Each structure stands twice: as structure tokens, then as C-alpha cells.
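**Q** Sharing a sequence plus its predicted fold:
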Amino acid sequence: MGDVLIQPDVGSGRVRAQRFVAGAFLAVIIATGAAEVIFPPPRVVLLGQEKRDFDEAAKQKDFWDGSLAQSLETDFRLQGRVRRLLAPYWSALMLNLGDTPDDELIVGKDGWLFLRARVELRPARMDRGRELLANLYSLVRRSFASENVEFLCVPIPRKASICAEKLPDGIDGDMAYDRSVVEAFEARGIHTIDLIPHLETLPAHGRYLRHDTHWALPARLETAEQIKRQAPELPRGEFAEGFSHTYGADHFPSGLLAFAGIDLRHPAKEYFQGAPDRELKLVPAGAEEKIDAHEIPSDVLYVGSSFSAGFWMRAILCEALQSAVVDGSEFGQQPLYSLHKRLTSERRTWTPRYVVSEVPIYQAVDVTRLTTPTTRSALGIAMLMNYAERVQEIPDGYFDAPKTRTPAVGSPLVQHMQGTLLSSGDGVLGLGLVFDGESRSRWQFSTSGTAIELAARKGQLERVLPICETTPGIAGFAWLSPLSKESLGTSVKTRIVTTADLAGGWKFRGETRGDRAWEATPRRAIAACDSLALRWDEFVSGSIEVRATGTDRAGIAVERVWSFPDASHARFLIVTLGLFEGGILERIDLTGGGTHVEGTIAGLIGSS
């Protein structure tokens, strides 16, 4: 009995059922595959910063940790029409459970969505990015000041920092970093509208949209109010008819759902609608078009990113000021890109008296020395504002001659070595390049903060470029590399220039303290865009620190420190005194270098 096994039923009915299931399964695959080939679904189109973030995330996928395979599986699942129909409902279930099929998103409390890259900041880029961004905006500000145009900045705090209470437990929004970016702008003398303490008084849904990267209407209204309060110099009450607004249709911005695999036109989106945003229309009707065409005169240009383009920020500001404001925002673009484009198109016909620029703080960890839109646009604006025509050549003997190498494509041909060009890194020091060749040539100009391509036509041509660098520890170098074989036959000469009026500056001497310390008490009132230059009687090397103390425009005691840890055979340094503008520079302490020093406080060439 024990050797008798129970035999499975292999009747014809079981076989027919198996064949039916297999056939049905194959039929579904063939039918859905055919439908997706014959009727391919439209792809989700991302624009502006969201597209750049999505592309950057795709580049960071790695084969070895499985993230690439996961990404390919997700993309494949979302490509087909049938999959596109069903996948969003799966994403809806995942989001409701507090998870997401896309690792670029963080699902917070109450279904709030955050871009991971703007929450988990890269430590290696935080400080360097902040200082470089502030230096680029300082260059723009000083470029405008040389033509008596006032430049104001409006830093926009990150969603993760200002809405930190909606992040999952255990994740810190790092508001301290956002505050440090605001302080970096203020330290450079940029008129900065600080929104953080005012936006913090609003509820989370009044600051940002739950499923989008953009700010909510109450935050935009508060921003316009703070611009009005903190910038009393802006024209107001100049539009006799008066501005007001009406509300249009409700809409539900939800761009982050695309990262979760939900097509914004898919019915699954309805599961996530939160409080609506409201369309706003400026009254009188047609006024915005007339302002941009200069049929209604205006002295104010407002530039924003996707934070304002399409979110009626200009209309709100017009009503707050009761004056016309030109909108220079490009949808989905960064502010300096929009500003450069607007200035380029209207440079000969209209120049504003005031420029108000948003500064999305998340940019600080994205900006690099490579040719990003922000870096390229900042240098372009300086050129447009005649940077090359508003400089003085620094006398011979203040700097070492540049090193030259055997010409080779991609290798430095002319190089000012590290630690020789000491400045605050915001364009107060520049490099003049004189090209002379028999053919058109291409070059790359590099510092610790920028790396941009240049083109030089046949014959002789001079270009003057600002030196923008980043900290901690200004590197103090610049070099030029040929990018094509045709460039190898072109000769290049350099000269070092500054935007500070050293010839007309106020000179002073200090006192020696020990072998490597020097101090001075100029007690000098500091005007807008003033600079401090220090010149040694001989070349010095080693670690150099400049510490300036005094008061700001409000009479509050302030201090600024510039560090040059790797100075090498230097005789000259120059820094901008933005923190002391409107106040008094009381004292300067110099540590390192020689003790025979002459100081100069110089104004900006071209400013009045």
C-alpha cells in the first residue's frame, strides 16, 4: 500500500483550460502590443527646470546599484498605451501608501511631494555653490551700477526648507542653508529682499503647492508686499488709472506627479487634487501687453524663473506698487538667462532704472564653474554693460608674468598660476586677452568659478573677461586653452585689469604688528560698490587673511573675512566692501604676507 502513489488528474478538461489561459494571455500581449504600435501614446513633455532636473537624474543612474535597471523598467512600463492607462493608478496607490515608483521624489506628510535633489543637498557643492552664485550676482549688480541701474534680488527659499513640517519625520529641510545664501548676497552689498521670516508666517499650503515645485498665491502676494516695503526707492503710484485684478479659473498645478509616473492628463490625477491655485488677471485688461511694448512707460524690469512665469507675479507687483513693471521672465528659465535675453533684445531702445530678480535658492547647489545658463548669462550681462570699457589696467610689476606652455589642444597655453590673482572673486579683477592670428580660433577661459568658450576672429582682437571665483579659499588663478588646431597658430597676450578706480582712490598706510601682521584704522565712509586694495612692497607667499570690521548702513557692527590660503608670489589683492556700504570701515587686520603695505579704497569706475 505504501508504494502506491496518487496520480494527478490529466484529463482533457484540464488541458483545455490550460490552453485557453495561455491563448488568452498571448492574445492580450499581442493585442496590446499591436495597439501600442499602431496608436502610439503621446509622451509627457517636461519643460524648463523640471526637464533639466529629470535629465540630470537620468545621468546619475548607475548600472551596479540597480538604479539603471529600475529606471529602464519604469520607463518601459510607462511607454505603452495600456501601460500608460494602468500605471498611473498603480502610482496613485503607491503615493497613498506614502511611497513613490520614482526615487527622484520624496513623499511627505499629507501627500506632499518634494524633489529629492532639492531636499538632500550635495555637501560638496553647498558652500562652493553658494559663494559662486553670490559672486555671479555681485558681478551683475556691479555691472548695472556702472550705468546707474539699481539691481535688487529676491531669494526664494526651497520648498523643503520653508515647508519642512511637511517632510517625512527624520528629514531636515536645512533652513540654515537658505539663510546662509541670503547672508552671502547681503555680504556683497546686493539689495536683498529677505522673504524667509515673512513666508514663515503663512501656512504650508500658502507657501508652496502640494504637488508642484512652484509657490502658492498667498506667497506671491506676500512677496510683492515685501518688495514694496523693503525697496522704498522703487517708483509707485505712477499709473494714474490704477491697477487692480480679477480672478479667473481655478487650476491645479501638479508638475511633480509626472515624476511619479502620472500623466497630467490622466484621470488618476484627480485622486491628488488639493487646494486649487487661482488664475489672476490684471485690470485694466490689456495693460500687461502695453507695458511690455512700452506703450505704458515703466522704469522697472522684473525677471523670474518658472517661479513667476505663468504665475502672474508681474501683475501682482504692478498692483502692489501701482506702477508699471515690465516682465522679463522666460517660462521655465533661470532669472539671469531671462535677464540677459531681455537686455540683449532691447539694449539700444530701453534700459530700466531698476531691475528686480528672483533667485531660486536651490540654484546654489546646481551652479558650477562649467558653462551653466546662470554662469554664462552673468558674464554675458557684464559684457553687455560694457565691462571691457570700464576697467583700468593694473600697473606693471604688481603681478608675475603668466606662464606659457607648448601649444596643444585642450592644454593651458597661457596660465596665471594658482595664488597669484588675489581678489574677492566677483569680477572686481579681470583679464584682458589680446588675440592675433591668421585664422579664426576657439578657446576656453577658466578660473575656479567659470569655464567658458571664446571665439576670436582672424586678425587682432581683444576680449576683457571678469575673474569670478568661489570659496572657501580663493584659488587665485586663470588660464586660457586652445580648443582647435586652427587656434595653435594664434598668439595671445594678457593684461590684468580692475573695475575699481585705483588712480582716483583714497590711499592710506597702517602699522606693523610682529613679523607677519599689519593693521590699519581708515575709519572711512564706504559708498556703493567701493573696493579695498592692498599692495605689498615685495612679492609674498603663504596663507593670507584680511579681516575688515566696521558698521553697516544701519549702524550695526559687522565683520568680513577674506582668506587666501595658497597665495604665491603675490604683491596685490583687491576685495569689494559690500557689507560696509552706507556704513564705516573702521579697521583692517592683515595676517600673513609682508608688513610693508599700502591700502587704497576705490570707487567703481563709471558709477556716480
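**A** Thanks, I have the structure now.

**Q** strands paired with the helix or strand where Glu586 lies, and their directions?
**A** Element membership for Glu586 (DSSP states H and E) is strand 584-591. Strands that pair with strand 584-591, judged by DSSP bridges, come out as strand 517-520 (antiparallel), strand 524-525 (antiparallel), strand 531-551 (antiparallel).

**Q** Can you redo these as a markdown table, where the extra columns are mean neighbour count and distance to Phe572?
**A** (C-beta placed from N, C-alpha, C; glycine too.) Listed next are the strands paired with strand 584-591 as a markdown table, based on neighbours: other CB atoms under 10 Å; distance: least, CB to CB, whole Å:
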| stretch | mean neighbour count | distance to Phe572 |
| --- | --- | --- |
| strand 517-520 | 19 | 15 |
| strand 524-525 | 16 | 20 |
| strand 531-551 | 19 | 5 |
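
**Q** quick one: which of the ones you listed is nearest Arg348?
**A** strand 531-551 (30.3 Å; CB to CB).

**Q** residues in contact with Leu217?
**A** Residues counted as contacts of Leu217 (CB atoms under 8 Å, 6 or more residues apart in numbering) are Gly206, Asp277, Arg278, Leu280.

**Q** now do 6 Å
**A** Asp277, Arg278 (CB atoms under 6 Å, 6 or more residues apart in numbering).

**Q** swap in Thr213?
**A** Counted by CB under 6 Å, 6+ apart, Thr213 has zero contacts.

**Q** backbone phi and psi for it, please?
**A** phi -90, psi 0 (degrees, to the nearest 10).

**Q** Check Pro335 too.
**A** phi -60, psi -50.

**Q** Likewise for the one 5 residues further on?
**A** With angles defined as degrees, to the nearest 10, His340 shows backbone torsions of phi -60, psi -40.

**Q** same question, the one 5 residues further on
**A** Backbone torsions for Ser345, taken as degrees, to the nearest 10, come to phi -80, psi -20.

**Q** where does the stretch 151-300 of the chain have low pLDDT?
**A** 251-254, 259-276 (pLDDT under 70).

**Q** And the strands in it?
**A** 191-192, 244-251, 277-283, 300-303 (DSSP state E, counting those that start in this stretch).

**Q** Put together CSV for those strands, with mean neighbour count and distance to Thr499 on each row.
**A** Compiled in CSV, these are given as follows (neighbours: other CB under 10 Å; distance: least, CB to CB, whole Å):
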stretch, mean neighbour count, distance to Thr499
strand 191-192, 20, 19
strand 244-251, 11, 42
strand 277-283, 16, 39
strand 300-303, 27, 23
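
**Q** Please identify which of those strands is closest to His214.
**A** Per CB to CB, nearest to His214 of those: strand 277-283, 8.3 Å.

**Q** Each with direction, which strands does that closest one pair with?
**A** In the sheet, strand 277-283 lines up against strand 244-251 (antiparallel) (DSSP bridges).

**Q** how is this structure carved up into domains?
**A** The chain breaks down into these domains under the TED database: 117-385, 391-498, 506-602.

**Q** Export the ones you listed to TSV and append columns for distance to Ala31.
**A** Listed next are the domains of the chain as TSV, based on distance: least, CB to CB, whole Å:
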stretch	distance to Ala31
domain 117-385	21
domain 391-498	52
domain 506-602	68
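
**Q** Any idea which of those gets closest to Ala34?
**A** domain 117-385 (21.4 Å).

**Q** just to revisit the earlier point, tabulate the strands of the stretch 151-300 of the chain (TSV), appending distance to Arg390.
**A** As requested, the strands of the stretch 151-300 of the chain are exported to TSV (distance: least, CB to CB, whole Å):
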stretch	distance to Arg390
strand 191-192	21
strand 244-251	41
strand 277-283	37
strand 300-303	21
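
**Q** Gly582: which of those strands is closest?
**A** Of those, nearest to Gly582 by CB to CB is strand 191-192, at 10.8 Å.
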